[in-house]
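> here is my input, please return the structure:
(chains A and B)
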Amino acid sequence: DVKVTQSSRYLVKRTGEKVFLECVQDMDHENMFWYRQDPGLGLRLIYFSYDVKMKEKGDIPEGYSVSREKKERFSLILESASTNQTSMYLCATPNQGANSGYTFGSGTRLTVV
Amino acid sequence: GENVEQHPSTLSVQEGDSAVIKCTYSDSASNYFPWYKQELGKGPQLIIDIRSNVGEKKDQRIAVTLNKTAKHFSLHITETQPEDSAVYFCAASSGGYQKVTFGTGTKLQVIP
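Numbers count the residues shown, from 1 in each chain, chains lettered A, B, ... in the order given. Predicted structure coming up:
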């Protein structure tokens, strides 16, 4: 089974800082996703990537960018952090095979002050 | 794009009772419907899924049903136990890049 690791469990950043959230998977999967989770709003897709250097906007990409230089690593970047980006961020990759669900990382709880 | 609605947002049941969570979706092209369980401090974990060519699927105490005509699907948990307490998310996917749209979540509390 694939393992998804998010490097930081908790982060506190100041408004205006550039923030990097890192995600690594260990099975050479092509597709990787970044979601944010907010109470009452569920999980909303920010960006996804289907191969190295390939990316697509999700439903709420504003204020974010991503980087995928290597297949196993997918980074989410907050160009200039704002308080409304305080949230739980979850990285995911599909399990092996089509329509087989996702494996998620444990999440990064980001607080912007 | 796809829109998934989930109800109720919170659900409290007595241990041993059944729990039902309902979802509707908007995109008739959606053909895969997973359910995730998220325990405190963890990422969501896939617990069961159903594909559009199947009307019902069961795995021990959990079951999912799908009505494609009405565009709704449900999660049923029987004989609930305290360890079933968690947040549950439904989701729908039409397959492109395996992109998934999630519902807003249901917080289930099982009272011992």
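> so the residue nearest the centre of chain A: helix, strand or coil?
Taking Cα atoms, centre = their mean as the criterion, A:Trp34 is the residue nearest the geometric centre of chain A, at 2.9 Å. Put simply, A:Trp34 is strand when judged by DSSP: H, G, I helix; E, B strand; the rest coil.
> which residues touch it?
A:21, A:23, A:45-48, A:58, A:64, A:66, A:74, A:76, A:89-91 (Cβ atoms under 8 Å, 6 or more residues apart in numbering or on different chains). For glycine as for every other residue, the C-beta is placed from the backbone atoms N, C-alpha and C.
> quick check: bridge partners of A:Thr93?
For A:Thr93, the beta-bridge partners under DSSP bridges are A:Thr103.
> number of residues surrounding it?
27 (other Cβ atoms under 10 Å in any protein chain shown).
> now do A:Ser80
11.
> contacts for stretch A:69-77, please.
A:18-26, A:28-30, A:32, A:34, A:46-47, A:49, A:51-53, A:64-68, A:89, A:91.
> where does chain A get nearest to chain B, which residue?
A:Phe104 (3.3 Å; Cβ to the nearest Cβ).
> what sits closest to that residue if chain neighbours are left out?
In space, A:Phe104 comes closest to B:Gly43 once its chain neighbours are excluded; the distance is 3.3 Å by Cβ to Cβ, 6 or more residues apart in numbering or on different chains.
> what's opposite A:Val4 in the beta bridge?
Assigned bridge partners for A:Val4, using DSSP bridges, are A:Gln25.
> parallel or antiparallel, list what pairs with the longest strand seen in chain A.
Longest strand in chain A by number of residues (criterion: DSSP state E): strand A:42-51. Counting by DSSP bridges, the strands paired with strand A:42-51 are strand A:32-38 (antiparallel), strand A:54-57 (antiparallel).
> what about residue 108, how many neighbours?
In the absence of a named chain, chain A is used. With other Cβ under 10 Å as criterion, A:Thr108 counts 22.
> that answer is for a different chain, and I need it for chain B
21.
> alright, calling it a day.
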